[in-house]
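Trainee: Prediction below, plus the sequence it came from.
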Amino acid sequence: MSQVKVGDKIPNDIYFGRFEEGDSEPRKITAEEVFKGKKVVLFGIPGAFTSVCSSKHLPQFVEKYDELRSKGVDLIACVAVNDPYVMREWGKEHNVDNKVLMLADGDLTFHSKLGLSQHLPFSGTRGLRFSMLIEDGVIRVLNVEQPGPTSYKISGPETMLKNLNEISKSG
């Protein structure tokens, strides 16, 4: 599939795996449940516990949580081609608490349907690094990095905050 673009709707038939506090088994959550009626910042990473994802991407979104929420963002979520158990443990390690919803796309459905996958040596097919603003299921902002595990220039929270400021100025 070709890559999604601004104005595209996230398909409702996609689901993710996730844990809620106290769960012993992962739960299924649909894209509709995540995005419908909400302003969501979603960022995607090639893999949990990897270098840039762990040292910059996730920690910076946790750090900028209050600032993003002050711009009207209802939810911040992270998606990766990992299983829900890995996403839960990675979130715990970075103290995401309730600041970032950790979503697992273990079978690559989300990334494949949106054209946001890449092949990495020693890792196989993974997600591209990206961030997007989704309002009521529609992509309003899309920042996709160049393929590769360490590309990190436009998908962080600072760029998203600039995007949100531009949107608020334009009405």
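Mentor: Great, that's in hand.

Trainee: what's the neighbour count on the nearest residue to Gly106 once chain neighbours are set aside?
Mentor: Among residues not flanking Gly106 along the chain, Asp83 sits closest, at 4.5 Å (CB to CB, 6 or more residues apart in numbering). Any C-beta I mention is one placed from the backbone N, CA and C, and that applies to glycine too. By the measure other CB atoms under 10 Å, the count of residues near Asp83 is 15.

Trainee: Asp83: what's it in contact with?
Mentor: By CB atoms under 8 Å, 6 or more residues apart in numbering, Asp83 lies in contact with 17, 26, 104, 106.

Trainee: Can you give me the distance of the last one to Val73?
Mentor: In this structure, Gly106 and Val73 are 26 Å apart, going by CB to CB, to the nearest Å.

Trainee: which of the two has more neighbours?
Mentor: Set Gly106 next to Val73 and count neighbours by other CB under 10 Å: Val73 wins out with 20 against 17.

Trainee: quick one, phi psi at the more buried one?
Mentor: phi -80, psi 130 (degrees, to the nearest 10).

Trainee: For the residue nearest the centre of the chain, list each beta-bridge partner.
Mentor: Closest to where the C-alpha atoms of the chain average out (CA atoms, centre = their mean) is Phe43, at 2.6 Å. Counting by DSSP bridges, Phe43 forms beta bridges with Cys78, Ser131.

Trainee: Quick one: residues in contact with the lengthiest helix in the chain.
Mentor: Scanning the chain for the longest helix, with DSSP state H as the assignment, gives helix 157-170. With contacts defined as CB under 8 Å, 6+ apart, helix 157-170 is touched by 41, 43, 60-61, 63-64, 67-68, 71-73, 131, 133, 140-141, 143.

Trainee: who wins for neighbours among those?
Mentor: That'd be Val41 among the contacts of helix 157-170, by other CB under 10 Å, with 27 neighbours.

Trainee: quick one: that one and Ile139 touch, right?
Mentor: No: between Val41 and Ile139 there is no contact under CB atoms under 8 Å: 11.5 Å.

Trainee: Now the common contact residues for those two.
Mentor: Contact with both Val41 and Ile139 is made by residues 132-133, according to CB under 8 Å, 6+ apart.

Trainee: What is the lowest-mean-pLDDT helix or strand in the chain packed up against?
Mentor: Least confident helix or strand, the chain: helix 51-52 with a mean of 72, by mean pLDDT, DSSP states H and E. Where contact means 3 or more CB pairs under 8 Å, 6 or more residues apart in numbering; DSSP states H and E, helix 51-52 is not packed against any helix or strand.
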